[in-house]
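In: Here is the input, now give the coordinates:
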Amino acid sequence: MLSDRRQRVLSALIEEYVARALPVGSRTLTERYQLGVSPATVRNELSVLEDGGYITQPHTSAGRIPTDFGYRAFVDNLLASDLAGDDERYRPVVDQLRRSASELDALLEQTSSALTRLTDCLSIVLAPSVLNLHIKQLSLISLSPYRALVVLVTEDGQVFNRQMDFAEEVSPDELARVQRFLAEVMGGKSLQEIEDGLGEGMAEAFRDPLVRMALDEVLSCLQEGDASRTHRLGVSSLLTKPEFSQSQALLPVMQVLEDDTVLLQILDDAARQGSGAPSVRIGRENDAAALAGVSVVASRYGRGASAGVVAVVGPTRMDYSKVIQAVRIASAALEDV
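Out: Numbering: from 1, shown residues only. Predicted structure coming up:
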């Protein structure tokens, strides 16, 4: 446990390093920060922090930079403080996001964009799994005698569509008949419940080729929607950071983040953290080795099967206060949508 004075010195060093990406010396801290102690005391405290593993000296005679352990102490102190009052300053952002998006997909995209603007880092918004959501509305719209459009609306307002083509003419009346049947069978059920129920007394009805074809298209539509439920923005922002000035340094990070199993691990971390405070994984605290040079701040929104996750990925040298607040704002904007 750091003393208040050492916490202040560590916080000042991290703030300076976040702002300039350069090793920080005792003279800089003394001149730019009101620490209330002499330069000699600052030098002594830096030595103690270095011995404790909170900071390190990358080169002889250079200043110090924070370690993952130092960032962790800083973030834990930050999370322990009351940040809730700051959220009200961003309430207009939440309200604007909700007003400007008529569909959940648009809200997810705009939330990801807002996260990137607020943090200047990579933002990830993972929508709730479509496979666990109940179907609110199903429509089969005739486009021509040989083509129709499948439109699905889930309980949380997500809209999916997919075209289906026929080898023979299908009249609007036939399509309406199939729509009524499928709407009755599938209404209020999730994909898993639909698949479980296919063998329970419905085999006779599904012998109709048109019904079977429409069902296949509906299931494919949901599965495609589930595969594209991740909204990522801000890769260009990461490329402006000194840590990723060479694009090849960022490539392993992006490859890992394309893996949905990693995103599900982030969701699990956020879920274990509980409501309110986001989870924060710093550098080598991340399970994936490729994420050892970044920090991930994530928060869960929604409940149960209707849960998603918002996350910000940036260098360990990120503005944790700003990012934590931004993630909380995004989570609030997506809650109960």
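In: low pLDDT regions in the stretch 101-250 of the chain?
Out: Residue ranges of the stretch 101-250 of the chain with pLDDT under 70: 101-105, 130-131, 191-192, 195-206, 227-228.
In: Tell me which stretches of it form helices.
Out: 104-119, 172-186, 191-197, 209-227, 235-239, 247-257 (DSSP state H, counting those that start in this stretch).
In: Quick one: closest of those helices to Asp287.
Out: helix 247-257 (9.7 Å; C-beta to C-beta). (Each C-beta comes from the backbone N, C-alpha and C, glycine too.)
In: next SSE after the closest one?
Out: Using DSSP states H and E, the helix or strand that directly follows helix 247-257 along the chain is helix 260-273.
In: remind me, longest strand of this protein?
Out: strand 135-144 (DSSP state E).
In: what packs against that one?
Out: When contacts are defined as 3 or more C-beta pairs under 8 Å, 6 or more residues apart in numbering; DSSP states H and E, strand 135-144 sits against strand 147-154, helix 172-186.
In: and it with strand 147-154, angle?
Out: Here strand 135-144 runs at 170 degrees with respect to strand 147-154, directions being taken by axes from the mean of the first three to the mean of the last three C-alpha atoms, to 10 degrees.
In: buried stuff in strand 135-144?
Out: 135, 138, 140, 142 (16 or more other C-beta atoms under 10 Å).
In: Identify the bridge partners of Thr154.
Out: Here Thr154 shows beta-bridge partners Ile135, assigned using DSSP bridges.
In: do you know how far it is from Leu257?
Out: 25 Å (C-beta to C-beta, to the nearest Å).
In: Count the neighbours of Leu118 for me.
Out: Other residues near Leu118 come to 20 when the count uses other C-beta atoms under 10 Å.
In: Repeat that for Asn161.
Out: Per other C-beta under 10 Å, the neighbour tally for Asn161 reads 13.
In: hang on, it packs against Val153?
Out: No. Using C-beta atoms under 8 Å, Asn161 is not in contact with Val153, being 9.9 Å away.
In: quick one on the thing from earlier: can you convert the buried residues of strand 135-144 into a markdown table and add a column each for distance to Gln7?
Out: Converted to a markdown table, the buried residues of strand 135-144 look like this (distance: C-beta to C-beta, whole Å):
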| residue | distance to Gln7 |
| --- | --- |
| Ile135 | 52 |
| Leu138 | 57 |
| Leu140 | 63 |
| Ser142 | 68 |
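In: Now flag whichever of those is closest to Glu335.
Out: Distances from Glu335 to the buried residues of strand 135-144, taken by C-beta to C-beta, are shortest for Ile135, at 22.4 Å.
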